[in-house]
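Trainee: Make a model of this:
(one chain, ligands or ions: 1)
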Amino acid sequence: MLNLVLFGPPGAGKGTQSHKLIEKYGLIHLSTGDLLRGEISQGTELGLEAKKLMDEGVLVPDAVVIGMISNKLDANKDAKGFIFDGFPRTVAQAIALDELLESKSSTISGMIALEVDDMELERRLLLRGKDSGRPDDANPEVIRKRIKEYNDKTAPVAEFYKNQNKFTSVNGIGSKDEIFDSIETVAEAL
Ligand code: ADP
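Mentor: Purely as a prediction, here's the structure:
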């Protein structure tokens, strides 16, 4: 199985590059952001709870996203592999993911991190907010909060994979194809 964690701050281009990886390798895309927005659009109780936090730019509780990922792993037992996008976002989530995969005799193949500086991130998110309709992309204060959450809680997840010798970073600035070329080179070596 090829199980990739695509890592990077909000606006780094994880979604775009995930779609290219799916086309190329036939993997299942697991984006916790998309799963949460799905819950919101269906008006579920989980969605209602998550929406408040997402609109403020703070992370939703670990147990919520771990539960969603666990369900998706169970529902895709015959998958060739997965791309984890926006997950794990805390060290607790990373530990839980290792345990979930271990119980299925599988493991993370590698983490690929997209490197983009804060100023470029803010610019991209504000631009995306103009037509994505995402409330968390429209407000500079919320964007800054999301980047802060990333630096405080998510950046340490890179260390977790570095300690397992599973971490590689690529330059996240350039054309979509240039960035994909770098990602592909890393993925081919796994
Ligand atoms: P982005 O990476 O651009 O911020 P996402 O769509 O991945 O966008 O996430 C949007 C919001 O959903 C986050 O700000 C957070 O509130 C919530 N979220 C998504 N994934 C997780 C996660 N793994 N753990 C906690 N909260 C999450």
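Trainee: Of all residues in the chain, which one is closest to the ligand?
Mentor: Here the chain gets closest to the ligand at one residue, Gly33, 1.9 Å apart by C-beta to the nearest ligand atom. Where C-beta positions appear, they are placed from N, C-alpha and C, glycine not excepted.
Trainee: So that residue sits against Arg89, correct?
Mentor: No - using C-beta atoms under 8 Å, Gly33 is not in contact with Arg89, being 9.6 Å away.
Trainee: returning to what we had before: wasn't the residue of the chain closest to the ligand part of a helix?
Mentor: Yes - assigned with DSSP: H, G, I helix; E, B strand; the rest coil, Gly33 falls within a helix.
Trainee: Just give the closest residue to it, not the sequence neighbours.
Mentor: Gly86 (4.6 Å; C-beta to C-beta, 6 or more residues apart in numbering).
Trainee: neighbours of that neighbour, just the number please.
Mentor: 22 (other C-beta atoms under 10 Å).
Trainee: what's the answer for Pro9, then?
Mentor: Pro9 has 24 nearby residues by other C-beta under 10 Å.
Trainee: again with Ile147
Mentor: Quick note: Ile147 (other C-beta under 10 Å) scores 19 neighbours.
Trainee: In what element of secondary structure is it found?
Mentor: In this structure, Ile147 sits in helix 140-149 according to DSSP states H and E.
Trainee: Say whether the ligand is contacted by that helix.
Mentor: Yes - legend: contact between helix 140-149 and the ligand by C-beta under 6 Å from any ligand atom is shown at Arg146.
Trainee: so what secondary structure elements neighbour the helix or strand just after that helix?
Mentor: Later in the chain than helix 140-149, the nearest helix or strand by DSSP H and E is helix 155-163. Applying 3 or more C-beta pairs under 8 Å, 6 or more residues apart in numbering; DSSP states H and E, one finds that helix 155-163 contacts strand 2-7, helix 91-102, strand 110-115.
Trainee: Helix 155-163 to strand 2-7, inter-axis angle?
Mentor: Calculated by axes from the mean of the first three to the mean of the last three C-alpha atoms, to 10 degrees, helix 155-163 forms an angle of 140 degrees with strand 2-7.
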